[in-house]
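Trainee: Predicted model and sequence follow; I will ask about them next.
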Amino acid sequence: MFTILNLTVQFSGNELFSQITFNVNPNDRIGLVGKNGAGKSTMLKIIAGQMEPETGNIVIPDGKTVGYLPQEMFPDSHKTIFDETLTAFEELNRLEKKIEVLTHEITNRTDYESDSYHKLVQQLSECNERHHIIGGTNKDAEAEKVLMGLGFERSDFIRSCTEFSSGWQMRVELAKILLKRPDLLLLDEPTNHLDIESIQWLESFLTNYPGSVMLVSHDRTFLDTVTNRTIEIVSGRIYDYKASYSDFVELREERRQSQLAALTSQQREIAQIENFVERFRYKATKAKQVQSRLKMLDKMERIEIDDKENSAIHFKFPPAPHSGIIVVEARELVKNYGEKNVLNKIDFTLEKGESVAFVGRNGEGKSTFSRIIVGDLDYEGYFRLGHQVSVGYFAQNQSALLDGELTVFDTLDQIAVGDIRTKLRNILGSFLFSGEDIDKKVKVLSGGEKARLALAKLLLTPVNLLVLDEPTNHLDMVSKDILKNALLQYDGSLIIVSHDRDFLQGLTDKVIEFRNHQIKTHIGDIQEFLESRKLEDLKELEQKTGKQNQSQIVEASVEKLNRERKKELERELRKYRNKLEQCESEITKLEDEQAKLNKKLENIHLEESNDKMNQIFTRYNEVNKILDEKMLLWEEIHNQITEFQDKNY
């Protein structure tokens, strides 16, 4: 159990935390929530040992470890993706180097009877045993599983980290943290750089994680899926709920209502006491009672209502100018980056008033196609914007595109024209920039402030097509809800790239899936798309036709095909399982032989001949090598069975 004890932190004279105490229990899944600036990231940094509090302690039990993934990092490794990931196995890597050194030294020595030789053999035996216990034979397979779960392809493993964007390099850092398997895992906005498929994989990983997890996230669905406990930071205090995020929201409102009721009751009591004091203040016969009530008022602990986050962006998009019926049209569009093909002969049409979501794994071309639509990239094939289409664009790296040397006000003033210039302060106020804030330089703004400023720029010119690429990164939940509401009221056409399922829910009426250089259209919103992706390839046969006889024919066809397919799947699965059993049998025999050889090495007598000792040692190394190979094969077959079952059952 980890303990956060009497934690107090101050920034610029203001108290961020005040005497905070709580425990992190084994297998806890904690969502750390609170408004922007409440201190969530600071809390994680202190627990991770990267910051020191004014007072208080972080009590970490002996032998327990903490892993921390910050919200932003700047990795600079020049290793390949796979080699950099393998650095997570620190103890294994040290053991392997030691085994290599010991093996080399033993091989080149001839003093087989000496005590030092026997000690080397004993050390090697202990290192090999430890290597086997902590999964040395499985580390490559584990690294591969995590990397592929986070969206990498096998072909990416041999590429240098420098070839990948900072977002993909952050995935490598996340993979390393997960592979280290710390007893307490601290994650600050881990989904910011992940696509929907990778987020779903991470949800499954964290749900089954053997240690404790504490995370900060603005993804409501992610929090609901992963967490079983919510700690809210409010005005320097914490409130601890044994509930996931959605349940916490309801419980928090109940708490506020209870506080309001208690406050009303206390105010009524105070009013009664004050009336008594005022009425009898100057009567000598009541002096004792008056003094008693005054002391009662002094000792009374005043009930305070927790601050409710009322400071949130407030805006709506300008009415969309008129445009033609066809807003975007592409035919056999191709996009290559050098020899790498990203989009291959795709066809796409967006009609006036449509709202579509672009989804798919990162690197499949969502942002690339978005940039083609807004005119940032060239292409091959046919593409056109419709009649009188004007585009507003929020780039995924929009914050980085802002000029850091400009002030907040100048950022808008530089592009505003006409009457809108007189409304800039009001617009900035709607996005929580007021007073001295508008004179701040962009480079000193937080990620959330930059995101709000980039959104404010979209209001300066009325457009009839909004293209938004990951607009919710760095926005808190209240701001995301307000943005979503503004988009629901927007009367133009909308293209949105996002991995936030809760944000997308109900926002679009069509989902465009990017996969294998192609696109596929799914009618419906994101929830319907995710459900459809889980169905078998025969789902078309399962759709209702509205006619009873056709439905029965379809059901019979599905049942027959399912039976045949099930038999085929069982045959394939039996082949895998037979291979696994054979491999397990061979491993058992090798482990038995290894144990016998270990005993022989430990009980070698001085009178034994050199040839016999060399023979035993040579066979010992051969058995270890073969055993490692068989363990790798077992892991590979086991992964094949798991993948086969996940895909087909």
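Mentor: Looks like it arrived, so ask away. What you see is a predicted model, and the numbers here were worked out from it, not measured in a lab.
Trainee: Doesn't Leu215 belong to a strand?
Mentor: Yes - counting by DSSP: H, G, I helix; E, B strand; the rest coil, Leu215 is found in a strand.
Trainee: Contacts only, for the residue lying closest to it once chain neighbours are set aside.
Mentor: Nearest-residue entry for Leu215: Leu187, 4.2 Å, with adjacent residues in sequence omitted and distances by CB to CB, 6 or more residues apart in numbering. Any C-beta I mention is one placed from the backbone N, CA and C, and that applies to glycine too. By CB atoms under 8 Å, 6 or more residues apart in numbering, the contact list for Leu187 reads 69, 174, 177, 213-217.
Trainee: Take these and lay them out in TSV including distance to Phe431, pLDDT and neighbour count.
Mentor: Shown next, in TSV, are those (distance: CB to CB, whole Å; pLDDT from 0 to 100; neighbours: other CB atoms under 10 Å):
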residue	distance to Phe431	pLDDT	neighbour count
Leu69	29	92	20
Leu174	31	93	21
Ile177	34	91	19
Val213	33	95	25
Met214	31	96	25
Leu215	27	94	24
Val216	23	92	20
Ser217	23	90	23
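Trainee: Kindly reformat those as JSON lines and extend each row with distance to His517.
Mentor: As requested, the contacts of Leu187 are arranged in JSON lines below (distance: CB to CB, whole Å):
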{"residue": "Leu69", "distance to His517": "31"}
{"residue": "Leu174", "distance to His517": "26"}
{"residue": "Ile177", "distance to His517": "32"}
{"residue": "Val213", "distance to His517": "36"}
{"residue": "Met214", "distance to His517": "39"}
{"residue": "Leu215", "distance to His517": "34"}
{"residue": "Val216", "distance to His517": "35"}
{"residue": "Ser217", "distance to His517": "31"}
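Trainee: Can you tell me which of those residues is nearest Asp62?
Mentor: Asp62 has its nearest neighbour among the contacts of Leu187 in Met214, at 20.2 Å by CB to CB.
Trainee: got the CA positions of the strand or helix carrying the residue nearest to Leu215 in CSV?
Mentor: Under the criterion of DSSP states H and E, Leu187 resides in strand 184-188. Taking Å, rounded to 0.1, in the frame of the first residue of the first chain, the C-alpha atoms of strand 184-188 are listed here in CSV:
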residue,chain,number,x,y,z
LEU,A,184,2.1,1.7,-9.1
LEU,A,185,1.5,3.0,-12.6
LEU,A,186,1.1,6.8,-13.0
LEU,A,187,-0.3,8.0,-16.3
ASP,A,188,-0.9,11.6,-17.3
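Trainee: Now tell me what touches the following helix or strand past it from outside.
Mentor: The helix or strand immediately downstream of strand 184-188 is helix 196-207, counting by DSSP H and E. Helix 196-207 is contacted by residues 29, 146, 149-151, 171, 178, 185, 190-191, 194, 213, 215, 219, 222, 225-226, 359, 361-362, 499, 501, 530 when judged by CB under 8 Å, 6+ apart.
Trainee: among the residues you listed, which are in strands?
Mentor: If you go by DSSP state E, these have 29, 185, 213, 215, 359 in strands.
Trainee: Just put the residues you listed in TSV and tack on distance to Ser114.
Mentor: Formatted as TSV, the ones in strands among the contacts of helix 196-207 follow (distance: CB to CB, whole Å):
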residue	distance to Ser114
Arg29	55
Leu185	47
Val213	51
Leu215	55
Val359	67
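Trainee: ok, which pair from these is furthest apart?
Mentor: Taking CB to CB, no two of those sit farther apart than Leu185 and Val359, at 27.1 Å.
Trainee: neighbour count winner among these two?
Mentor: Legend: neighbour count by other CB atoms under 10 Å for Leu185 and Val359, higher for Val359 (27 against 23).
Trainee: Contacts only, for that one.
Mentor: Val359 touches 195-196, 366, 497-499, 511-514, 526, 529, counting by CB under 8 Å, 6+ apart.
Trainee: tell me the phi and psi of Glu364?
Mentor: When read as degrees, to the nearest 10, the backbone of Glu364 gives phi -90, psi -10.
Trainee: wait, isn't His322 in contact with Asn464?
Mentor: Yes - at 7.3 Å, His322 counts as touching Asn464 under the criterion of CB atoms under 8 Å.
Trainee: hey, what's in contact with both of those two?
Mentor: With CB under 8 Å, 6+ apart as the test, His322 and Asn464 both reach Gln388.
Trainee: These two: which is more packed in?
Mentor: Asn464 (23 against 9).
Trainee: so what's Gly151 closest to, chain neighbours aside?
Mentor: Ser198 (4.5 Å).
Trainee: Can you tell me how far that neighbour is from Ile512?
Mentor: For Ser198, the distance to Ile512 (CB to CB, to the nearest Å) stands at 19 Å.
Trainee: circling back to that earlier point, just the buried subset of the contacts of helix 196-207, written out for PyMOL, thanks.
Mentor: Buried residues within these, by 16 or more other CB atoms under 10 Å, are selected in PyMOL with:
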select buried, resi 29+146+149+150+151+171+178+185+190+191+194+213+215+219+222+225+226+359+361+362+499+501+530
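Trainee: Name every strand pairing with the strand holding Leu187 and say which way it goes.
Mentor: strand 66-69 (parallel), strand 212-216 (parallel) (DSSP bridges).
Trainee: a markdown table please, covering the ones you listed and showing distance to Asp378.
Mentor: Listed next are those as a markdown table, based on distance: least, CB to CB, whole Å:
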| stretch | distance to Asp378 |
| --- | --- |
| strand 66-69 | 37 |
| strand 212-216 | 40 |
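Trainee: Out of these, which is closest to Lys345?
Mentor: strand 66-69 (39.1 Å).
Trainee: Residues touching that closest one, excluding its own?
Mentor: 2, 44-45, 47-50, 60, 173-174, 177, 180, 182-188, 190.
Trainee: Give me the buried entries from those residues.
Mentor: 2, 44-45, 47-48, 60, 173-174, 177, 182-188, 190.
Trainee: State the distance from Gly365 to Phe503.
Mentor: Distance of Gly365 to Phe503, computed by CB to CB: 21 Å.
Trainee: actually Phe394, not the one I typed
Mentor: 13 Å.
Trainee: picking that back up, wait, which of the contacts of Leu187 is closest to Gly447?
Mentor: Taking the contacts of Leu187 together and measuring to Gly447 by CB to CB, the closest member is Val216, at 12.7 Å.
Trainee: domain assignment for the chain?
Mentor: Domain segmentation of the chain under automatic domain parsing yields 99-135, 248-299, 326-533, 568-648.
Trainee: where does this structure dip in pLDDT?
Mentor: 12-13, 36, 133-136, 285-286, 303-313, 398-400, 533-567, 604-610, 646-649 (pLDDT under 70).
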